[in-house]
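Peer 1: My questions are about this predicted structure, shown below with the sequence.
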Amino acid sequence: MLTFLFGLTQAMKPETESPITWTVEFYAALVILALMFCALAYVHHLKKSKKKSFIKALSIWILGVYFSALALTLPIYMNGLAGKADYALRVIVSSMHQAFQMFTLDVDRDIVVQLAVAQNWESQAAYRILSVELIAAPVLTFAFVLSFFKSFLDMLRYWMLFLCDAYIFSELNERSLALAKSVREKDPQALIVFTGATNKEDESMADLFEEAEQVDAIIQKKEIHNINFGSKGKRRKLYFFTIKEDETKNQIQSLQLIDKYQKRKNTWLYVFSTRIECEMLLNQKDAGEIIVRRINVIQSLVYNHLYNDGYSVFLAADKIPPEKAPQAKENPAPVHCLVIGMGQHGTEMVKALSWFGQMPGYQMIIDAYEKDEHANERFTAQCPELMSEEHNRMDPSGDEASYRITIHSGVDVALSTFEEEIRQMTDVCYVFISLGSDEDNIRTAIAMRTLFSAMNGKDSDVPMIETVVYQTEEVHALNAGEGISDYLHEPYRIHFIGSMEEVFSVDVIMQSEIEKEAKKYHLQWVETTVEIELEKADRQIEELLKKLPEEEKKKAEAILKSKQPEQDDPIESIRNRIKQKKEAADIVGQLFTRNDPAETNPAAGIKIILENLNTTFENTIKGSIIEKIKMFYRYEYYFRSCSSVVIHVNTLIRLLNRKVEQVDELDARKEDLSRLEHIRWNAYMRSEQYRFAPEINRLGRLHKDLVPFSQLEMEEQDKDDRLKYLKNLVSALREQEETNRPAAGETEK
């Protein structure tokens, strides 16, 4: 380009000053601009073809504007430097300098105005083009500088907003973006950071970058473990997500993050991996102050779904007419579930239903279908004792887990033989479909509704049919209004779950109600001392209230009803409860001494008990709670085991709430509820690959308590006493749902 312009000045060297015409230079500038737009079009074509370009669009803009401006300024210096020594070189250097100054807002405007002197149309057009470039050049400079320093400016924003919580992702992909959008909805002030984001030129990545900018995210090219996000800070909460598609890299980066932030409080690390070796690595690693959680998105979806909607499975079972369930003429009633597809979703659902279905008055029947001819052997290898003849049966004694799981291997659900087999099942109440693709899932779900509608009548909504659909937009469209329907607007009553938006959400991944309740359940053994002392203080306060005149008693009770909100932090929650009891004792004591100041405050003894309790808590119990919390997160066994209890109890309470008139009636069921918990635990442990052995061997997945409830030692039977936990939850549920409790047979879909 420079050689061409140098030759142009040599060819047009004037002997004396003459009017400026710009004709040749004007056309040269047009050629340069045309080449620029052709290059931009080619780069755009490469992006659409998902191919990498060796040069960025911004660079093409800068080069095109620079060389066209250079061509348009040549005549100015060709005229002004006529007759000077080294004429061509001076013209080129001066024009280059002038064109460069356009990008730095230092251009000599008086020289440029000379373009307006000549009256031919080429000169006027050149003047207009150069005027536009005078505006465009500084804008391009700003864009270039901004892109060069964008990472620095983003991190400057990160450090300036030091009070905002930060959510930091190891990669920009569809999963991390879906979770980031959920974070933004929950916390509008949060700082969202994507790291390891380098491939912006790829068209699919360009869309992700655009969506990331829409959630006001900070985007960094460096990997997550190579950036300092405040390893010594304490006030800001840091949430790290190793969420790459490559699970091996997730494991490696997680270990690096633990080493880097091990001593930092208010730090959480979520590791996305379904691999068993990841669990072993995290169990082995001392995380220090960091709370580490391995996220199995398949299990999280199934667990959250059963927690929120599992109750409806039993409601659907109640709708089965007695004549269609001949084996249920007497209790227990069958809960017959079909699982179509034994991939990751289907396998996890079968495991969960085995222990989730251990409910009083019901018996779980599971028929699972899979095209793989070895599906039964594969599942049995994962859960050998769950599928053994000794345990995979209906137990009439009520002393063991009672279920029947049948894996139908080598079955193609698209064949007529499958339909004929389903027609023999008249008591199916729930169908879960997961065949691996959205298309197959939707098609099979519609076929199943068509089949059951023909069997049960067009107005029947039994069985419940649920299927996994991954694409968020499809799920929104399919679930819109009353859901999909046929050409006569008859609804299919199919529920679509498992979209990326649902799976990768704050409620499922981070702030799950299951996690909160599971942690409380895990800590209840540590808090026993606190509970005993608080109950003792409550009884003493109640005794004092009985001695007050009726009017004073009502005043005191009204004051005591206004409780402070419970804290999410278990330690702060206990401190808050002790504080509440102290305030209650003060109130009652003041009522006693108001009329007679000389009277001894009868609440003084209660306050001494609470002061001693507070001292014991701070010196001993608090440390035990902190250690228990670390174990809860470090060893996934505790997290999953406690979560299964919460899921089961949540549904059990709702079932009891329909059948138990008074919470006190549960006292008579103490042994039954303890037995039920052990039965559920047996099924759960077998779904986790455990087998019976005389001695416990965690490494070998062996446990001595995998026996009928009646064969347990009394000490172990007492551990299964969940009555207090049930009482608290039943009371809370009654208080919340007093007016709108679901009636028998009423679905919540």
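Peer 2: Perfect, I can see it now. Numbers count the residues shown, from 1 in each chain.

Peer 1: what's in contact with stretch 442-456?
Peer 2: Residues from elsewhere that reach stretch 442-456 (C-beta atoms under 8 Å, 6 or more residues apart in numbering): 324, 340, 413, 419, 422-423, 426, 428, 431, 433, 435, 460, 462-463, 465, 467, 469, 478, 484, 492-494, 496. (Glycine included, C-beta is placed from N, CA and C.)

Peer 1: redo that, cut-off 7 Å
Peer 2: 340, 413, 419, 422-423, 431, 433, 435, 460, 462-463, 465, 467, 469, 492-494 (C-beta atoms under 7 Å, 6 or more residues apart in numbering).

Peer 1: can you pull the buried residues of that stretch?
Peer 2: 442, 443, 444, 445, 446, 447, 448, 449, 452, 453, 455, 456 (16 or more other C-beta atoms under 10 Å).

Peer 1: Let's have those residues in TSV, adding distance to residue 584 and secondary structure.
Peer 2: Converted to TSV, those look like this (distance: C-beta to C-beta, whole Å; DSSP: H, G, I helix; E, B strand; the rest coil):
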residue	distance to residue 584	secondary structure
442	58	helix
443	62	helix
444	59	helix
445	55	helix
446	60	helix
447	62	helix
448	57	helix
449	57	helix
452	57	helix
453	59	helix
455	61	helix
456	57	helix
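
Peer 1: From those, which one has the minimum pLDDT?
Peer 2: Ranked by pLDDT, these bottom out at residue 456 (87).

Peer 1: Relative to residue 302, how far out is it?
Peer 2: 26 Å (C-beta to C-beta, to the nearest Å).

Peer 1: now swap in residue 396 and tell me
Peer 2: 29 Å.

Peer 1: Helix, strand or coil: sort out residue 292 for me.
Peer 2: Using DSSP: H, G, I helix; E, B strand; the rest coil, the structure places residue 292 in strand.

Peer 1: Now do the same contact list for it.
Peer 2: 258, 269, 271, 282, 633, 634.

Peer 1: repeat that with 10 Å
Peer 2: With contacts defined as C-beta atoms under 10 Å, 6 or more residues apart in numbering, residue 292 is in contact with 240, 254, 257-258, 267-271, 282-283, 285, 630, 633-634, 636.

Peer 1: Repeat that for residue 506.
Peer 2: 167, 179, 180, 181, 182, 183, 184, 185, 186, 187, 239, 512.

Peer 1: again, only this time at 7 Å
Peer 2: Residue 506 touches 182, 183, 186, counting by C-beta under 7 Å, 6+ apart.

Peer 1: Need the per-residue pLDDT for the second one.
Peer 2: The score at residue 183 is 94. That number is its pLDDT.

Peer 1: now it, nearest residue through space, not along the chain?
Peer 2: residue 167 (5.0 Å; C-beta to C-beta, 6 or more residues apart in numbering).

Peer 1: For the helix or strand harbouring that neighbour, which residues meet the burial criterion?
Peer 2: Element membership for residue 167 (DSSP states H and E) is strand 166-169. Of the residues in strand 166-169, 166, 167, 168, 169 count as buried by neighbour count, 16+ other C-beta under 10 Å.

Peer 1: pLDDT averaged over that strand, what's the number?
Peer 2: The model assigns strand 166-169 a mean pLDDT of 96.

Peer 1: before we move on, what about stretch 591-604?
Peer 2: Per-residue scores along stretch 591-604 average to 65.

Peer 1: Can you give me the end-to-end span of it?
Peer 2: 13 Å (C-alpha to C-alpha, to the nearest Å).

Peer 1: helix, strand or coil for the residue nearest to residue 357 when sequence neighbours are not counted?
Peer 2: The spatially closest residue to residue 357, leaving aside those adjacent along the chain, is residue 364, at 2.9 Å (C-beta to C-beta, 6+ apart). Residue 364 carries the three-state label strand when classified by three-state DSSP.

Peer 1: if we can go back for a sec, quick one: which of the buried residues of strand 166-169 is nearest to residue 379?
Peer 2: residue 169 (34.4 Å; C-beta to C-beta).

Peer 1: Domain map for this structure?
Peer 2: For the chain, the structural domains run 2-144, 161-295, 324-509, 526-620, going by automatic domain parsing.

Peer 1: So residue 194 versus residue 236, what's the distance?
Peer 2: 18 Å.

Peer 1: Would you reformat the buried residues of stretch 442-456 as CSV and include distance to residue 368?
Peer 2: Output for the buried residues of stretch 442-456, formatted as CSV (distance: C-beta to C-beta, whole Å):
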residue, distance to residue 368
442, 20
443, 19
444, 14
445, 16
446, 20
447, 17
448, 14
449, 19
452, 17
453, 23
455, 20
456, 22
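
Peer 1: Residue 360 reaches residue 676, doesn't it?
Peer 2: Yes. Applying C-beta atoms under 7 Å, one finds residue 360 in contact with residue 676, separated by 6.3 Å.
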